[in-house]
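**Student:** heads up, no residue letters with this:
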C-alpha cells in the first residue's frame with residue numbers, strides 16, 4: 001500500500017504533466033491526419049524514438065470525441081505502465097488480473113494475453129495494438145479481433161515478419177517518415193557504427209529465422225570471447241555517458257557485467273529473474289550515472305526509454321532485422337549535448353544485415369554478398385567501381401550495366417567507423433578507396449580492390465577482345481568515314497593505333513561504357529582534354545585535329561614515361577609470373593610478339609614440375625635477359641628443360 005505522501009506526490013506529478021502542452025511535430029500531425037482521412041485498418045510504421053505513443057494518444061482522443069471506445073493492447077506486461085503514462089490525460093482503465101475497471105469508461109489498456117480471453121463488458125470502436133509485430137499472426141490476435149467491426153490501428157518501428165515481409169491485415173500502411181527522414185530533420189541522433197570484433201557465424205545453425213540460442217551461447221559465452229569483447233570495446237565505451245549491451249541470455253549478461261566491472265566500467269546485469277524492485281533500483285542507478293552500462297538478454301528491446309543512452313553494444317548475433325533495429329533504436333533519442341550514438345557491433349550484425357540506416361529488405365532467400373552475374377546480359381565478368389555520384393557499384397564488363405552495392409558498410413582502417421552510403425569513394429592507382437566521413441582517412445577496400453578484380457575480370461583474352469573491337473572501330477572510322485587516310489596507314493597512324501592499344505590494356509574498365517569512336521574522341525575526358533590545343537586549329541580536315549584520338553604529347557607519354565615505369569618495376573621484381581606480365585606489356589607497346597596464354601601455362605607447368613632448386617629465381621633472370629637482349633620471348637620455354645638436362 002502506498003502511503004499518503006506517495007499518493008500526494010503522484011497527484012502533484014500528474015497535475016504538473018497536465019499543464020504541459022505537448023507540441024506535435026509536423027510528421028506526427030501528418031500521420032494523425034492520414035489516419036483521419038483513411039478508411040479501414042491502418043498500420044503506422046515509425047522509428048523508435050519518433051513518438052508513436054504521442055501519435056497514438058491523439059488518435060485515441062479523436063476517437064473518444066466521436067463517442068467511441070478505445071482498447072489499447074500491449075504485447076508485454078512491461079509496456080502496461082509505459083502506456084498508462086502515455087495516455088494518462090485520457091484517464092485509462094487498466095484491464096489486468098483481478099483488477100476492477102469501469103466498463104462505461106472510454107479508454108482501456110490491457111496486455112494481449114489478458115484481452116484475448118477476457119470478457120471485456122464493452123464493445124470497442126477502435127483497437128490499437130502497440131508493438132504490433134509481436135505475434136500479430138498468432139491465435140491471440142485472431143481471437144481478439146474475431147467479430148470486431150471497428151477500426152484497427154497497429155503501431156511499430158518494425159512491422160515485419162521473420163522474412164522481412166510487411167505483416168498483413170491492414171488496409172493502409174503509413175511509412176513515409178523513416179529513420180533517414182528522422183535523421184535528416186534531426187529528430188533523432190545519427191548512429192555511428194563500429195565493428196571491432198570479427199566473428200565467424202558460418203557454423204551456427206539457424207532456427208525459426210534466427211541463430212540457434214544454445215549454439216550462440218557455446219560459441220560466445222566463454223572466457224576468451226568475453227575477454228575479447230571487453231578488450232575491443234572498452235576504449236570506445238569509456239567516453240560515452242550510458243551504454244546498453246545486448247547479450248545472448250541471462251548467464252551471458254551476468255558474465256559480461258562481471259567482465260566489464262573488472263575492467264573498470266561500472267556495469268550491472270538486468271533481466272527477468274530479478275524482482276521488480278531490483279530492476280527498478282538498477283534502472284535508477286543507470287539513469288543517475290552511478291551505473292555506466294546495463295547488460296541485458298533482450299529485455300530492453302521494448303519498453304525502454306532513456307534518452308541519455310548514447311552507446312549500444314551488440315554482443316549477440318541475430319538474423320532478425322526487426323530485433324536489430326529495435327536494439328539500435330534504444331540509443332537514438334535526442335538528449336542534451338548528444339550528437340550521435342555509437343553502435344559497437346561485436347557479433348557480425350552490421351556485416352550480416354547492413355547499416356541500421358538502410359531500408360528494411362525483403363529477405364525470402366539470403367542475399368549473396370556478390371552479384372554472381374549481370375542482371376541484364378547474364379555475364380559473370382563483374383567488377384566493382386563507382387558511378388558518377390560516387391556510389392559504390394558492381395559493373396558488368398561486357399554490357400556496362402551497373403548495380404549499386406547497398407547492403408554493406410565500409411570500415412575505416414584509421415578510426416574504425418563503418419561508413420554508410422554517404423561516404424565518398426575515390427580511385428587512386430587503379431584501386432578503390434573509402435574516404436571516411438569522420439576522419440577523411442583513405443582506406444583501401446581490400447575485398448573490393450579494383451586492381452585485383454580488374455585483373456580477374458579483364459583477362460588477357462578479354463583485353464584483346466576490347467583492343468580488337470576498338471582498334472578495328474578506329475580503323476573503320478578513319479578509312480570509311482573520314483576518307484582522308486589511305487591504306488596502308490603511314491607510320492604516324494600505325495604508332496597512334498599501337499598507343500591506343502596500350503591505353504586500352506592499361507584502362508580496360510574505362511571502355512565498358514564507351515560505344516563509338518566519335519564518343520571516345522569527343523566525350524572521353526582524358527583524350528578530349530589532351531587535344532584541347534589541337535582543337536583550336538581551323539581549316540579543312542587534318543590528322544592532328546580530326547583524326548587523332550589524343551595528342552602527340554599523350555601518345556609520347558604512353559610510349560615513353562609509362563614504358564620507363566614498367567622497366568623500372570621489371571628491374572626489382574623477383575617473381576617469374578609478374579616479370580612475364582611486365583615483359584608482355586613492354587613487348588606489346590613495341591608491337592612485338594608476346595608469350596601467349598597457352599605458352600604461359602606451359603611455363604608455369606614446367607616451374608611446378610621441376611625439382612631444380614631456385615628454379616623461379618633463375619627463370620626470372622632468364623626472362624629479363626631475353627627481353628634486354630631482344631631475343632624471342634618463346635625461347636623461355638627451352639630454359640627449364642635445358643637446365644634440367646645440364647644438371648642431370
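**Tutor:** Cool, the structure landed. Please read all numbers here as calculations on a predicted model, not as lab measurements. Numbers count the residues shown, from 1 in each chain.

**Student:** from here on, contacts and neighbour counts on C-alpha atoms
**Tutor:** OK.

**Student:** for this protein, where's the lowest mean pLDDT among helices and strands?
**Tutor:** helix 4-19 (a mean of 46; mean pLDDT, DSSP states H and E).

**Student:** next structured bit after that one?
**Tutor:** helix 26-37 (DSSP states H and E).

**Student:** now for whichever helix or strand comes after that next one, which elements pack on it?
**Tutor:** Following helix 26-37 in sequence order, the next helix or strand is strand 42-45 (DSSP H and E). Other elements packing on strand 42-45 under the criterion 3 or more CA pairs under 8 Å, 6 or more residues apart in numbering; DSSP states H and E are strand 151-156, strand 172-174.

**Student:** quick one, domains of the protein?
**Tutor:** Following automatic domain parsing, one finds the domains of the chain at 23-183, 189-353, 382-456, 458-559, 561-647.

**Student:** need those domains in CSV (columns: distance to residue 374 and mean pLDDT).
**Tutor:** Listed next are the domains of the chain as CSV, based on distance: least, CA to CA, whole Å; pLDDT from 0 to 100:
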stretch, distance to residue 374, mean pLDDT
domain 23-183, 25, 88
domain 189-353, 23, 93
domain 382-456, 6, 73
domain 458-559, 13, 79
domain 561-647, 26, 85
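
**Student:** and those as CSV, adding distance to residue 373 and mean neighbour count?
**Tutor:** CSV is the format used below for the domains of the chain (distance: least, CA to CA, whole Å; neighbours: other CA atoms under 10 Å):
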stretch, distance to residue 373, mean neighbour count
domain 23-183, 24, 17
domain 189-353, 21, 19
domain 382-456, 7, 18
domain 458-559, 15, 16
domain 561-647, 25, 15
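
**Student:** for residue 375, which of those domains is the nearest?
**Tutor:** Ranking the domains of the chain by proximity to residue 375 (CA to CA) places domain 382-456 first, at 8.1 Å.

**Student:** turn the helices and strands packed on strand 42-45 into JSON lines, columns for distance to residue 106.
**Tutor:** Shown next, in JSON lines, are the helices and strands packed on strand 42-45 (distance: least, CA to CA, whole Å):
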{"stretch": "strand 151-156", "distance to residue 106": "15"}
{"stretch": "strand 172-174", "distance to residue 106": "25"}
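
**Student:** just so I know, which of these lies nearest residue 272?
**Tutor:** strand 151-156 (23.1 Å).

**Student:** which strands or helices does that closest one pack on?
**Tutor:** strand 42-45, strand 126-130.

**Student:** now stretch 320-336: how far from the chain's centre is it?
**Tutor:** 16 Å (CA atoms, centre = their mean, to the nearest Å).

**Student:** who's in contact with it?
**Tutor:** 47-49, 157-160, 162, 164, 187-191, 209-210, 246, 300-302, 304-312, 318, 340-341, 343, 349, 353, 356, 360 (CA atoms under 8 Å, 6 or more residues apart in numbering).

**Student:** so residue 291 touches residue 266, yeah?
**Tutor:** Yes: using CA atoms under 8 Å, residue 291 is in contact with residue 266, at 5.1 Å.

**Student:** what distance do you get for residue 200 to residue 419?
**Tutor:** 22 Å (CA to CA, to the nearest Å).

**Student:** could you do residue 283 as well?
**Tutor:** 32 Å.

**Student:** all strands of the stretch 301-450 of the chain, in order?
**Tutor:** 311-314, 340-345, 382-386, 392-396, 402-404, 410-411, 417-419, 424-428, 431-435, 442-444 (DSSP state E, counting those that start in this stretch).

**Student:** what does residue 267 show for phi and psi?
**Tutor:** Backbone torsions of residue 267, given as degrees, to the nearest 10, read phi -140, psi 140.

**Student:** so it makes contact with residue 261?
**Tutor:** Yes: with contact defined as CA under 8 Å, residue 267 and residue 261 form a contacting pair (5.6 Å).

**Student:** returning to what we had before: closest to residue 404 out of the helices and strands packed on strand 42-45?
**Tutor:** Going by CA to CA, the one of these nearest residue 404 is strand 172-174, 26.8 Å.

**Student:** pull up the pairing partners for the closest one, direction included.
**Tutor:** strand 42-45 (parallel) (DSSP bridges).

**Student:** assumed residue 600 was part of a helix.
**Tutor:** Yes: counting by DSSP: H, G, I helix; E, B strand; the rest coil, residue 600 falls inside a helix.

**Student:** distance of it relative to residue 151?
**Tutor:** Distance from residue 600 to residue 151, by CA to CA: 74 Å.

**Student:** kindly report the same for residue 121.
**Tutor:** 18 Å.

**Student:** next one: residue 402
**Tutor:** Taken as CA to CA, the span from residue 402 to residue 151 is 45 Å.

**Student:** now residue 111
**Tutor:** From residue 111 to residue 151 the distance is 18 Å (CA to CA).

**Student:** now residue 579
**Tutor:** Taking CA to CA, one finds residue 579 at 75 Å from residue 151.

**Student:** with residue 559 instead?
**Tutor:** 77 Å.

**Student:** with residue 239 instead?
**Tutor:** 48 Å.

**Student:** go on, residue 233?
**Tutor:** Residue 233 is 47 Å from residue 151, by CA to CA.

**Student:** repeat that for residue 358.
**Tutor:** 31 Å.

**Student:** who's in contact with the closest residue to residue 105 other than its chain neighbours?
**Tutor:** Counting by CA to CA, 6 or more residues apart in numbering, residue 105 lies nearest to residue 93, which is 7.2 Å off, once chain neighbours are set aside. Residue 93 makes contacts with 101-102, 105, 107-109, as judged by CA under 8 Å, 6+ apart.

**Student:** Serialize the residues you listed to CSV and add fields for distance to residue 568.
**Tutor:** Below are the contacts of residue 93 laid out as CSV (distance: CA to CA, whole Å):
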residue, distance to residue 568
101, 89
102, 91
105, 89
107, 83
108, 82
109, 79
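
**Student:** which among those residues gets closest to residue 273?
**Tutor:** Using CA to CA, the contacts of residue 93 come closest to residue 273 at residue 109, 25.3 Å.

**Student:** residue contacts, the closest one?
**Tutor:** So residue 109 contacts 71-74, 80, 83-84, 92-95 (CA under 8 Å, 6+ apart).
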